[in-house]
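**Q** take a look and give me a structure for this.
(2 chains)
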Protein chains: 2
Amino acid sequence: MVPHLVTALSGPLQDLEKRFLDKTTEIERWFRMAWNDNTPPFYSSVDVRNSGFKLAPVDTNLFPGGFNNLAPEMMPLAIQAALSAIERICPEARSMVLVPERHTRNTFYLTNVARLAAILKQTGLDIRLGSVSEDITEPTRFDLPDGQSLLIEPLQRKGNRVGVDGMEPCAVLLNNDLSAGVPPVLQGLNGQIVVPPVHAGWATRRKSTHFQCYNHVVDSFAEMLEIDPWLINPYFTQRGQLNFHERVGEESLAEAVNEILAKTRIKYAEYGIAEQPYVVVKADAGTYGMGIMTVKDAAEVVGLNRKQRNKMSVVKEGLEVSDVLIQEGVHTFENIDEAVAEPVVYMIDKYVVGGFYRVHTGRGRDENLNAPGMHFVPLAFESPCNTPDCADRPDAAVNRFYAYGVIGRLAALAASQEIEATIPTELIA
Amino acid sequence: MVPHLVTALSGPLQDLEKRFLDKTTEIERWFRMAWNDNTPPFYSSVDVRNSGFKLAPVDTNLFPGGFNNLAPEMMPLAIQAALSAIERICPEARSMVLVPERHTRNTFYLTNVARLAAILKQTGLDIRLGSVSEDITEPTRFDLPDGQSLLIEPLQRKGNRVGVDGMEPCAVLLNNDLSAGVPPVLQGLNGQIVVPPVHAGWATRRKSTHFQCYNHVVDSFAEMLEIDPWLINPYFTQRGQLNFHERVGEESLAEAVNEILAKTRIKYAEYGIAEQPYVVVKADAGTYGMGIMTVKDAAEVVGLNRKQRNKMSVVKEGLEVSDVLIQEGVHTFENIDEAVAEPVVYMIDKYVVGGFYRVHTGRGRDENLNAPGMHFVPLAFESPCNTPDCADRPDAAVNRFYAYGVIGRLAALAASQEIEATIPTELIA
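**A** Take a look at the predicted model:
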């Protein structure tokens, strides 16, 4: 049993959810056609925010952790979807090496790896774990809280291919977002399928490119559905060549914040929304909720104190932040027992396979819920995302999850176009 | 909640199920490769029998009714699988006409049609129901016990295509097994996808061809798994040009019965099975459990009385039986509260999407459970068929369902080869 979610609804969202529900057949057809023309990411997870008047993705992860947070009932869907994904990349594959993140001390993360490996095994693959961590110099066993254990081996280079001792797999699945750059062992591979491609890692990926692609996707979707695209798309802009330490680019950043706040205010007025607009400034490259700032006034980004500048200037693996995304903030109005909850939608191939809520009691509804040290409580979606019930209320759990699944898939579609558009030129023959 | 099943286990089956469990990765890879080379039937259901020492399909239905008997929790899997099926036949399809059976008074059957339509709608298709029944001369609404209603319209011919008033669909899905032959409205269609193809209907389909294909499939599977194919394959032979009314062919039939009984006895001796072998004589063309006889001694088929001869001589739609399949009987040792239970596995495309038990208190374990007038109680599988748990016992529900799903998929693979092998020569250009 999964507890029910108490959602405070306050506006035009019910109209939007009702429209999704009335038009499920058209929506599903639109996605079917769209996936005909676009190769789905192998897997993805999308942070969705539900403000009661707006439903939008705020982050799309192409190396999702957290599969262990999905309800066990979603395993069959995940297995079925994984089979599609495998058939797409390498239908005759016998084996696969999964490359996890370096941080092997996080048992939550390792439990995610175990879950992923279990899903993939059920598609008929021998799965082994090959690490790029310097700490893994020999096969090392890690015990998990549920009594399972994982054997992580060093990833080995053999000519233009990689593997682990005794296995040279058909395909390599990255569950490592390459924030620290592409390690030498993964550079210049040939004759082996690597998914997601290394250029989808944070060494080269940019959030702004993703949301540019999302703009295109949403414009087409909103036209089909005859809705205002803003209802599912946050405004954004970008700024580069900043240096937070040196206070270079503050004015330009303030101007960008103003621009997004002004556009948002107009929309709030149009829809009669009384909330205060805000923007989120994020590192354009990077993840893990580092290098993120919530701003309600442009003046806030001018003259940051040392602590704030330090916070903004580095992301995971200590990388310097010079490019930022300035994105319209989407309030989180979902809560459980007063705690703020943010849904995360999980996809494998083009299929939504489940999701969960990040539930956190100590944070406001306009704050980032995926911050370092933030110990959220995962609350698995209690029902799947592909079975809307038109006979039920638009905000019934099964219908709300359907809406989240639609938003998640739009973001995954954007990611598909993003990956395609950013293939390094040397790989285009 | 679904009640647990009490299964009386008595022999080498646990070894078989354990082997399935130990080799799931190999089994899944084998299926993945097999489906690379074979086009899955759009959908299928397989009657499986579990004798405690043998697990085998006894009937494969290419026009499955009974989707309403699956657990509602299986809907997401069914939708995901249906999307694969649609993408395979007509990825850009906007609409589909579903052709139901003629008997519109059976509300159980109509509930199946409603469930099927709901699954297909969720793949982004406009679904309408076009009947070949003479009773449907105008759009007619049928109320269902659950409060829903179905609109059934007359199927209309337009040149070389069919449709319903105002819809000329990309694809036509038959849920009518064509026992009475291919109706004129469905003959010689062109430029429209019809699934399953009309030659898969009982007007032309033969059980013996299916089980010949099953032999091939099982031989390959058993070799991979290093098991005796007999453990999952009933012996069979066939006889033609019988006339039960005129008592033509009795000797030949008795000889065939003897042959199958003798072969079965040898296997029973090999495995130390104390049960009495029996064979099932079935019409080679036909379904609905008509024209079926259980025989423990060849003498039983010589000198049948009038009632028995009448029973054997016609199947659904009053067709005469001249060809029969003589198949090794597989005892049903599964029961719930003393009632005999027979599992039925449902597939869409190559995916197992669920199943249910036919539970019947009034019949023996060597009798046919799908007989006319037999009001079985459907008991939905309580868990899916694609999530075996190696840490659990081989006879745990989830593992038993996995084994049923393996057998179901082997039969579906046989059906795929059967459909391919029986394409009418005039259609092979």
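**Q** can you give me the strands for the stretch 251-400 of chain A?
**A** Ranges of strands in the stretch 251-400 of chain A, per DSSP state E, counting those that start in this stretch, are A:279-283, A:292-295, A:324-328, A:334-336, A:339-348, A:351-360, A:377-380.
**Q** which of those has the lowest average pLDDT?
**A** Taking each of the strands of the stretch 251-400 of chain A in turn, the lowest mean pLDDT turns up on strand A:334-336, with a mean of 72.
**Q** now do the contacts for the closest residue to chain B within the stretch 201-350 of chain A.
**A** The minimum distance from the stretch 201-350 of chain A to chain B, using CB to the nearest CB, falls at A:Lys350 (8.5 Å). Any C-beta I mention is one placed from the backbone N, CA and C, and that applies to glycine too. With contacts defined as CB atoms under 8 Å, 6 or more residues apart in numbering or on different chains, A:Lys350 is in contact with A:Phe31, A:Trp35, A:Pro40, A:Ala81, A:Ser84, A:Arg409, A:Ala412.
**Q** give the buried subset of these as a ChimeraX selection command.
**A** A single ChimeraX command is used to select the members of the contacts of A:Lys350 judged buried by 16 or more other CB atoms under 10 Å in any protein chain shown:
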select /A:31,35,40,81,84,409,412
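**Q** which ones among the contacts of A:Lys350 are found in helices?
**A** In helices, defined here by DSSP state H, the members of the contacts of A:Lys350 are A:Phe31, A:Trp35, A:Ala81, A:Ser84, A:Arg409, A:Ala412.
**Q** the last one against A:Ser45, yeah?
**A** No - counting by CB atoms under 8 Å, A:Ala412 sits too far from A:Ser45 to count as a contact (9.2 Å).
**Q** what residue in the stretch 251-400 of chain A comes nearest to chain B?
**A** Per CB to the nearest CB, the residue of the stretch 251-400 of chain A with the smallest distance to chain B is A:Pro384, at 3.9 Å.
**Q** look at that residue and say how many residues are nearby.
**A** By the other CB atoms under 10 Å in any protein chain shown criterion, the neighbourhood of A:Pro384 contains 25 residues.
**Q** ok, back up a step: near chain B too, which of the ones in helices among the contacts of A:Lys350?
**A** A:Phe31, A:Ala81, A:Ser84 (CB under 8 Å from any CB of the partner chain).
**Q** save the residues you listed as JSON lines, and put in pLDDT too.
**A** Formatted as JSON lines, the entries for these read as follows, by pLDDT from 0 to 100:
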{"residue": "A:Phe31", "pLDDT": "97"}
{"residue": "A:Ala81", "pLDDT": "97"}
{"residue": "A:Ser84", "pLDDT": "95"}
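**Q** now, among those, which is nearest to B:Gln192?
**A** A:Phe31 (24.2 Å; CB to CB).
**Q** remind me which residues of the stretch 301-429 of chain A are low pLDDT?
**A** Scanning the stretch 301-429 of chain A for pLDDT under 70 picks out A:314-319, A:361-375, A:427-429.
**Q** quick check: residues of it near chain B?
**A** Counting by CB under 8 Å from any CB, the residues of the stretch 301-429 of chain A close to chain B are A:Tyr351, A:Pro384, A:Asn386, A:Thr387, A:Pro388.
**Q** the same query, at a cut-off of 7 Å, please.
**A** When proximity is defined by CB under 7 Å from any CB of the partner chain, the stretch 301-429 of chain A lies next to chain B at A:Tyr351, A:Pro384, A:Asn386, A:Thr387.
**Q** cool, and the stretch 51-200 of chain A?
**A** On the criterion CB under 7 Å from any CB, chain B has as its neighbours in the stretch 51-200 of chain A the residues A:73, A:75-77, A:79-81, A:83-84, A:87, A:91-92, A:94, A:121-126.
**Q** repeat that with 8 Å
**A** Proximity of the stretch 51-200 of chain A to chain B is assessed by CB under 8 Å from any CB, with A:73, A:75-77, A:79-81, A:83-84, A:86-87, A:91-92, A:94, A:121-126 identified as the residues in range.
**Q** in strands, which of those residues appear?
**A** Secondary structure defined by DSSP state E assigns A:Asp126 of these to strands.
**Q** filter the residues of the stretch 51-200 of chain A next to chain B down to the buried ones, PyMOL style.
**A** Isolation of the buried members of these (16+ other CB under 10 Å) is achieved in PyMOL through the command below:
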select buried, chain A and resi 73+75+76+77+79+80+81+83+84+86+87+94+121+122+123+124+125+126
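**Q** the residues of the stretch 51-200 of chain A next to chain B in helices, which ones?
**A** Checked against DSSP H, these include these in helices: A:Met75, A:Pro76, A:Leu77, A:Ile79, A:Gln80, A:Ala81, A:Leu83, A:Ser84, A:Ile86, A:Glu87, A:Lys121.
**Q** dump those residues to JSON lines, plus distance to A:Asn175.
**A** As requested, these are exported to JSON lines (distance: CB to CB, whole Å):
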{"residue": "A:Met75", "distance to A:Asn175": "18"}
{"residue": "A:Pro76", "distance to A:Asn175": "21"}
{"residue": "A:Leu77", "distance to A:Asn175": "19"}
{"residue": "A:Ile79", "distance to A:Asn175": "17"}
{"residue": "A:Gln80", "distance to A:Asn175": "20"}
{"residue": "A:Ala81", "distance to A:Asn175": "16"}
{"residue": "A:Leu83", "distance to A:Asn175": "18"}
{"residue": "A:Ser84", "distance to A:Asn175": "18"}
{"residue": "A:Ile86", "distance to A:Asn175": "15"}
{"residue": "A:Glu87", "distance to A:Asn175": "20"}
{"residue": "A:Lys121", "distance to A:Asn175": "15"}
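**Q** which pair in the residues you listed spans the largest distance?
**A** Pairwise across these, and taking CB to CB, the largest span is found between A:Met75 and A:Glu87, at 18.7 Å.
**Q** tell me who's in contact with the closest residue to A:Pro378 other than its chain neighbours.
**A** For A:Pro378, the nearest residue in space outside its immediate sequence neighbours is A:Asn69; the separation is 3.7 Å by CB to CB, 6 or more residues apart in numbering or on different chains. A:Asn69 is in contact with A:Asn112, A:Val344, A:Phe356, A:Pro378, A:Ala380, counting by CB under 8 Å, 6+ apart.
**Q** quick one: A:Val302 and A:Glu255 touch, right?
**A** No - in this structure A:Val302 lies outside contact range of A:Glu255 using CB under 8 Å: 10.4 Å.
**Q** domain ranges for chain A?
**A** A:74-204, A:235-329 (automatic domain parsing).
**Q** mean pLDDT lowest for which of these?
**A** Summarising mean pLDDT across the domains of chain A, the least confident stretch is domain A:235-329, with a mean of 86.
**Q** follow-up on the earlier one: drop anything exposed from the contacts of A:Asn69.
**A** By neighbour count, with 16+ other CB under 10 Å, the contacts of A:Asn69 hold A:Asn112, A:Val344, A:Phe356, A:Ala380 as buried.
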